[in-house]
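Undergrad: okay, sequence plus prediction incoming.
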Amino acid sequence: KAGVTQTPRYLIKTRGQQVTLSCSPISGHRSVSWYQQTPGQGLQFLFEYFSETQRNKGNFPGRFSGRQFSNSRSEMNVSTLELGDSALYLCASSPWGDGTGELFFGEGSRLTVL
Amino acid sequence: DQQVKQNSPSLSVQEGRISILNCDYTNSMFDYFLWYKKYPAEGPTFLISISSIKDKNEDGRFTVFLNKSAKHLSLHIVPSQPGDSAVYFCAAEVRGSTLGRLYFGRGTQLTVWP
């Protein structure tokens, strides 16, 4: 069974630009979560989607947004990029409808903002 | 608010000895705890979990202990192997209500030397 796939793996942007990251969950998984990892900060929760609906959102500004498609694939978008947005963005999927328990993570998208 | 804390950023252990990684939490509502392992350039992978109704869970070389009264859990790896060298994240949730959101600690870098 294929794992969680994230694209692109690496990207470089400049301040003020926007970026879109993509995530394909494990087949059959309908819950998709996004996390931001920065050095020394662990993993910070961005949002969670289930059946195309955002069910939960972390404490990030409105520049961070996401969506989920009918095939459970998800995208997240960051607009007006800031230097502090440089991070590893991780997508995770879960087979559990209640969105709890073990999450299966992708390898992440490494964003560098110059 | 860091509800899950890993106060040791790093741990160095000789091969064959025991590795003990510690984690504290502040939210008494957490009822499920997980440990993830992360190698560089890879996403976190699930290692072991424990429900709050238990005080110990064992899986091969890995054992997690939970002390609810102290709001503390620990991961024991016996015997430690060089391949265990990775960053270990402790995570917690309230089952059924946190909707894809795991609360992560900042991680502990474990180095196992020969």
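TA: Okay, I see it.
Undergrad: which intervals of chain A have sub-threshold pLDDT?
TA: A:1, A:97-100 (pLDDT under 70).
Undergrad: how about the residues of it near chain B?
TA: Residues of chain A that fall close to chain B, judged by C-beta under 8 Å from any C-beta of the partner chain: A:4, A:31-33, A:35, A:40-45, A:48-50, A:55-56, A:58, A:90, A:92, A:94, A:98-108. Every C-beta, even on glycine, is put in place using the N, C-alpha and C of the backbone.
Undergrad: isn't residue A:57 right up against residue A:47?
TA: Yes - if you go by C-beta atoms under 8 Å, residue A:57 and residue A:47 touch, sitting 4.7 Å apart.
Undergrad: more neighbours: which of these two?
TA: Taking neighbours as other C-beta atoms under 10 Å in any protein chain shown, residue A:57 and residue A:47 compare with residue A:47 leading, 24 against 15.
Undergrad: residues in contact with the more buried one?
TA: Going by C-beta atoms under 8 Å, 6 or more residues apart in numbering or on different chains, residue A:47 touches A:33, A:34, A:54, A:56, A:57, A:58, A:60, A:64, A:66, A:76.
Undergrad: for residue A:70, same thing?
TA: Contacts of residue A:70 (C-beta under 8 Å, 6+ apart): residue A:52.
Undergrad: same deal with the one 5 residues further on?
TA: Contact partners of residue A:75, counting by C-beta under 8 Å, 6+ apart, are A:20, A:21, A:22, A:23, A:66, A:67, A:69.
Undergrad: phi, psi for the fifth one please.
TA: With angles defined as degrees, to the nearest 10, residue A:66 shows backbone torsions of phi -150, psi 180.
Undergrad: many thanks, we can stop here.
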